[in-house]
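**Q** using only what follows, build the 3D model:
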Amino acid sequence: MRLSSWSELRQTIPIACIGMACFYILYGYSSWLTASNPPSLSLTSKFDNLIPFYPCWSVIYLSINLLLPLSLFIFHTRNEISKYVMTVIAQVLVACVFFILLPTDHPFGNKTSSDNIFYQWADIINLEYNYFPSLHVALAISSSVIFGRNIDNKFSNIFYLWGFLISISTLFMHEHNVSDVLGGFILALFGLYLYSRMT
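**A** Here you go, the predicted structure:
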(Lines give C-alpha, C1' and ligand atoms only; values in the text may rest on other atoms or scores of the structure.)
Protein backbone atom coordinates (compact mmCIF):
# COMPACT_ATOMS: atom_id res chain seq x y z
CA MET A 1 0.00 0.00 0.00
CA ARG A 2 1.40 3.38 -1.01
CA LEU A 3 0.30 6.96 -1.33
CA SER A 4 -1.21 7.72 -4.69
CA SER A 5 0.21 10.52 -6.78
CA TRP A 6 -1.96 13.52 -7.58
CA SER A 7 -2.31 12.38 -11.20
CA GLU A 8 -3.55 8.99 -9.97
CA LEU A 9 -5.98 10.56 -7.49
CA ARG A 10 -7.49 12.68 -10.24
CA GLN A 11 -8.47 9.41 -11.91
CA THR A 12 -9.63 7.49 -8.85
CA ILE A 13 -11.37 10.06 -6.63
CA PRO A 14 -14.28 10.70 -9.05
CA ILE A 15 -14.94 6.95 -9.30
CA ALA A 16 -14.89 6.57 -5.50
CA CYS A 17 -17.30 9.52 -5.18
CA ILE A 18 -19.66 7.94 -7.71
CA GLY A 19 -19.58 4.72 -5.69
CA MET A 20 -20.34 6.57 -2.47
CA ALA A 21 -23.21 8.49 -4.07
CA CYS A 22 -24.74 5.31 -5.49
CA PHE A 23 -24.49 3.65 -2.10
CA TYR A 24 -26.31 6.39 -0.23
CA ILE A 25 -28.98 6.85 -2.89
CA LEU A 26 -29.81 3.14 -3.14
CA TYR A 27 -29.50 2.51 0.59
CA GLY A 28 -31.63 5.52 1.50
CA TYR A 29 -34.25 4.90 -1.16
CA SER A 30 -34.81 1.30 -0.12
CA SER A 31 -35.30 2.37 3.49
CA TRP A 32 -37.71 5.15 2.50
CA LEU A 33 -39.70 2.81 0.25
CA THR A 34 -39.99 0.10 2.89
CA ALA A 35 -41.11 2.59 5.55
CA SER A 36 -44.48 2.85 3.81
CA ASN A 37 -45.06 -0.86 4.40
CA PRO A 38 -43.56 -1.76 7.80
CA PRO A 39 -42.22 -5.34 7.91
CA SER A 40 -43.68 -8.13 9.97
CA LEU A 41 -41.12 -10.84 9.21
CA SER A 42 -38.65 -11.69 11.95
CA LEU A 43 -35.52 -13.82 11.47
CA THR A 44 -34.47 -13.65 15.11
CA SER A 45 -33.75 -17.01 16.75
CA LYS A 46 -33.41 -18.07 20.37
CA PHE A 47 -29.65 -18.14 19.87
CA ASP A 48 -29.66 -14.44 18.94
CA ASN A 49 -31.14 -13.59 22.32
CA LEU A 50 -28.02 -15.05 23.95
CA ILE A 51 -25.68 -12.61 22.19
CA PRO A 52 -24.41 -9.97 24.67
CA PHE A 53 -24.68 -6.26 23.95
CA TYR A 54 -21.35 -4.42 23.79
CA PRO A 55 -21.82 -0.84 22.52
CA CYS A 56 -18.04 -0.29 22.57
CA TRP A 57 -17.88 -2.39 19.39
CA SER A 58 -19.49 0.54 17.59
CA VAL A 59 -16.00 1.98 16.98
CA ILE A 60 -15.13 -1.05 14.85
CA TYR A 61 -18.61 -1.05 13.33
CA LEU A 62 -18.18 2.54 12.17
CA SER A 63 -14.75 1.87 10.70
CA ILE A 64 -16.49 0.47 7.61
CA ASN A 65 -16.78 4.09 6.49
CA LEU A 66 -13.05 3.96 5.74
CA LEU A 67 -13.48 1.45 2.91
CA LEU A 68 -13.87 3.84 0.00
CA PRO A 69 -11.23 6.32 1.24
CA LEU A 70 -8.81 3.41 1.73
CA SER A 71 -9.49 2.17 -1.78
CA LEU A 72 -7.68 5.26 -3.04
CA PHE A 73 -4.47 3.85 -1.52
CA ILE A 74 -5.09 0.33 -2.81
CA PHE A 75 -6.02 1.09 -6.40
CA HIS A 76 -4.05 3.56 -8.50
CA THR A 77 -5.79 3.50 -11.89
CA ARG A 78 -9.32 4.25 -13.06
CA ASN A 79 -9.69 0.67 -14.27
CA GLU A 80 -8.64 -0.89 -10.95
CA ILE A 81 -10.91 1.21 -8.75
CA SER A 82 -13.80 0.91 -11.20
CA LYS A 83 -13.82 -2.87 -10.76
CA TYR A 84 -13.96 -2.47 -7.00
CA VAL A 85 -16.68 0.19 -7.08
CA MET A 86 -18.80 -1.88 -9.48
CA THR A 87 -18.47 -4.81 -7.09
CA VAL A 88 -19.68 -2.64 -4.21
CA ILE A 89 -22.62 -1.25 -6.21
CA ALA A 90 -23.64 -4.73 -7.35
CA GLN A 91 -23.80 -5.94 -3.75
CA VAL A 92 -25.79 -2.88 -2.72
CA LEU A 93 -28.27 -3.47 -5.54
CA VAL A 94 -28.82 -7.11 -4.57
CA ALA A 95 -29.20 -6.17 -0.90
CA CYS A 96 -31.71 -3.44 -1.74
CA VAL A 97 -33.87 -5.93 -3.62
CA PHE A 98 -34.08 -7.97 -0.42
CA PHE A 99 -34.66 -4.86 1.71
CA ILE A 100 -37.64 -3.90 -0.46
CA LEU A 101 -39.15 -7.33 -1.21
CA LEU A 102 -38.29 -9.05 2.08
CA PRO A 103 -38.13 -6.37 4.78
CA THR A 104 -37.53 -7.69 8.28
CA ASP A 105 -38.10 -6.37 11.78
CA HIS A 106 -35.22 -5.12 13.88
CA PRO A 107 -33.07 -8.20 14.68
CA PHE A 108 -33.54 -7.83 18.44
CA GLY A 109 -37.06 -6.46 18.56
CA ASN A 110 -36.80 -3.02 20.10
CA LYS A 111 -33.50 -1.23 19.60
CA THR A 112 -31.04 -1.43 22.46
CA SER A 113 -30.01 1.96 23.80
CA SER A 114 -26.66 3.15 25.12
CA ASP A 115 -24.94 6.36 26.22
CA ASN A 116 -21.87 5.43 24.18
CA ILE A 117 -21.34 8.34 21.77
CA PHE A 118 -20.07 6.08 18.97
CA TYR A 119 -23.07 3.82 19.34
CA GLN A 120 -25.39 6.82 19.15
CA TRP A 121 -23.61 8.03 16.02
CA ALA A 122 -23.96 4.58 14.44
CA ASP A 123 -27.63 4.52 15.39
CA ILE A 124 -28.19 7.85 13.63
CA ILE A 125 -26.62 6.83 10.32
CA ASN A 126 -28.21 3.36 10.31
CA LEU A 127 -31.50 3.45 8.46
CA GLU A 128 -34.47 1.19 9.16
CA TYR A 129 -35.45 -2.14 7.57
CA ASN A 130 -32.03 -2.72 5.96
CA TYR A 131 -31.23 -5.84 7.93
CA PHE A 132 -31.25 -8.96 5.74
CA PRO A 133 -28.78 -9.54 4.23
CA SER A 134 -26.30 -7.52 6.26
CA LEU A 135 -24.73 -5.07 3.83
CA HIS A 136 -22.24 -4.21 6.57
CA VAL A 137 -20.98 -7.80 6.57
CA ALA A 138 -21.06 -8.16 2.78
CA LEU A 139 -19.01 -5.04 2.12
CA ALA A 140 -16.62 -5.66 5.02
CA ILE A 141 -15.80 -9.22 3.96
CA SER A 142 -15.62 -8.64 0.21
CA SER A 143 -13.62 -5.41 0.54
CA SER A 144 -11.15 -6.82 3.05
CA VAL A 145 -10.47 -9.82 0.81
CA ILE A 146 -10.14 -7.66 -2.31
CA PHE A 147 -7.83 -5.23 -0.51
CA GLY A 148 -5.80 -8.11 0.92
CA ARG A 149 -5.27 -9.55 -2.54
CA ASN A 150 -4.09 -6.25 -3.96
CA ILE A 151 -1.41 -5.34 -1.42
CA ASP A 152 1.79 -6.82 -0.02
CA ASN A 153 1.11 -10.21 1.59
CA LYS A 154 2.50 -9.11 4.95
CA PHE A 155 -0.40 -6.67 5.35
CA SER A 156 -3.14 -8.92 3.98
CA ASN A 157 -3.99 -10.54 7.30
CA ILE A 158 -4.65 -7.13 8.83
CA PHE A 159 -7.41 -6.52 6.31
CA TYR A 160 -8.85 -10.03 6.75
CA LEU A 161 -8.97 -9.51 10.51
CA TRP A 162 -10.56 -6.11 10.08
CA GLY A 163 -13.32 -7.55 7.89
CA PHE A 164 -13.98 -10.28 10.45
CA LEU A 165 -14.13 -7.84 13.36
CA ILE A 166 -16.55 -5.53 11.53
CA SER A 167 -18.76 -8.53 10.83
CA ILE A 168 -19.00 -9.68 14.44
CA SER A 169 -19.41 -6.09 15.64
CA THR A 170 -22.85 -6.12 13.98
CA LEU A 171 -23.86 -8.89 16.39
CA PHE A 172 -22.42 -7.35 19.54
CA MET A 173 -24.09 -4.03 18.72
CA HIS A 174 -27.41 -5.83 18.17
CA GLU A 175 -27.68 -4.29 14.70
CA HIS A 176 -27.90 -7.67 12.99
CA ASN A 177 -28.69 -11.23 13.98
CA VAL A 178 -27.01 -14.44 12.84
CA SER A 179 -29.33 -14.86 9.84
CA ASP A 180 -28.48 -11.35 8.66
CA VAL A 181 -24.76 -12.04 9.02
CA LEU A 182 -24.97 -15.33 7.11
CA GLY A 183 -26.92 -13.59 4.37
CA GLY A 184 -24.26 -10.89 4.24
CA PHE A 185 -21.52 -13.52 3.99
CA ILE A 186 -23.25 -15.14 1.02
CA LEU A 187 -23.62 -11.73 -0.61
CA ALA A 188 -19.89 -11.16 -0.04
CA LEU A 189 -19.13 -14.40 -1.88
CA PHE A 190 -21.24 -13.14 -4.77
CA GLY A 191 -19.27 -9.89 -4.75
CA LEU A 192 -15.94 -11.72 -4.74
CA TYR A 193 -17.08 -13.93 -7.60
CA LEU A 194 -18.14 -10.89 -9.59
CA TYR A 195 -14.83 -9.15 -8.89
CA SER A 196 -12.86 -12.23 -9.97
CA ARG A 197 -14.73 -12.25 -13.29
CA MET A 198 -13.63 -8.67 -13.94
CA THR A 199 -9.94 -9.28 -13.20
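**Q** flag every buried residue along stretch 20-38.
**A** Neighbour counts over stretch 20-38 (16 or more other Cβ atoms under 10 Å) mark Met20, Cys22, Phe23, Leu26, Tyr27, Ser30, Ser31, Thr34 as buried. Where you see a C-beta, it was placed from the backbone N, CA and C, and this is true even at glycine.
**Q** wait, isn't the last one in contact with Leu102?
**A** Right, the one you point to is Thr34. No: in this structure, Thr34 is not within contact of Leu102 by Cβ atoms under 8 Å, at 9.8 Å.
**Q** lowest confidence element among the helices and strands of this structure?
**A** helix 117-125 (a mean of 82; mean pLDDT, DSSP states H and E).
**Q** for the next helix or strand after that helix, what is the average pLDDT?
**A** As assigned by DSSP states H and E, the chain's next helix or strand after helix 117-125 is helix 135-149. Regarding helix 135-149, the rounded mean pLDDT is 96.
**Q** centre of the chain versus helix 135-149, how much separation?
**A** From the chain centre to the centre of helix 135-149 is a distance of 8 Å (Cα atoms, centre = their mean, to the nearest Å).
**Q** quick revisit: how about residues contacting the least confident helix or strand of the chain?
**A** Pro55, Cys56, Ser58, Val59, Tyr61, Leu62, Lys111, Ser114, Met173, Glu175 (Cβ atoms under 8 Å, 6 or more residues apart in numbering).
**Q** can you show me the helices along the chain?
**A** 6-35, 58-62, 67-74, 78-101, 117-125, 135-149, 153-172, 178-198 (DSSP state H).
**Q** who wins for proximity to Asp48 among those?
**A** Of all the helices of the chain, the one in closest proximity to Asp48, counting by Cβ to Cβ, is helix 178-198 (5.9 Å).
**Q** mind listing what Pro55 touches?
**A** Contacts of Pro55 (Cβ under 8 Å, 6+ apart): Thr112, Ser114, Asn116, Phe118, Tyr119, Met173.
**Q** Ile64 versus the fourth one, what's the distance?
**A** To tie it back to what came earlier, the one meant is Phe118. 13 Å (Cβ to Cβ, to the nearest Å).
**Q** more crowded one of these two?
**A** Ile64 (21 against 17; other Cβ atoms under 10 Å).
**Q** picking that back up, I'd like the distance from the least confident helix or strand of the chain to the chain centre, please.
**A** With Cα atoms, centre = their mean, you get 16 Å for helix 117-125.
**Q** what is the burial count for the residue lying closest to Asn157 once chain neighbours are set aside?
**A** Leaving aside its chain neighbours, Asn157 sits nearest to Gly148 (7.5 Å; criterion: Cβ to Cβ, 6 or more residues apart in numbering). Neighbour count for Gly148, taken as other Cβ under 10 Å: 20.
**Q** nearest to Ile13, of the contacts of helix 117-125?
**A** Leu62 (22.1 Å).
**Q** so what's the closest one up against?
**A** So Leu62 contacts Phe118, Trp121, Ala122 (Cβ under 8 Å, 6+ apart).
**Q** so how far is Ser156 from the residue nearest to Asn157?
**A** Separation of Gly148 from Ser156 (Cβ to Cβ) stands at 4 Å.
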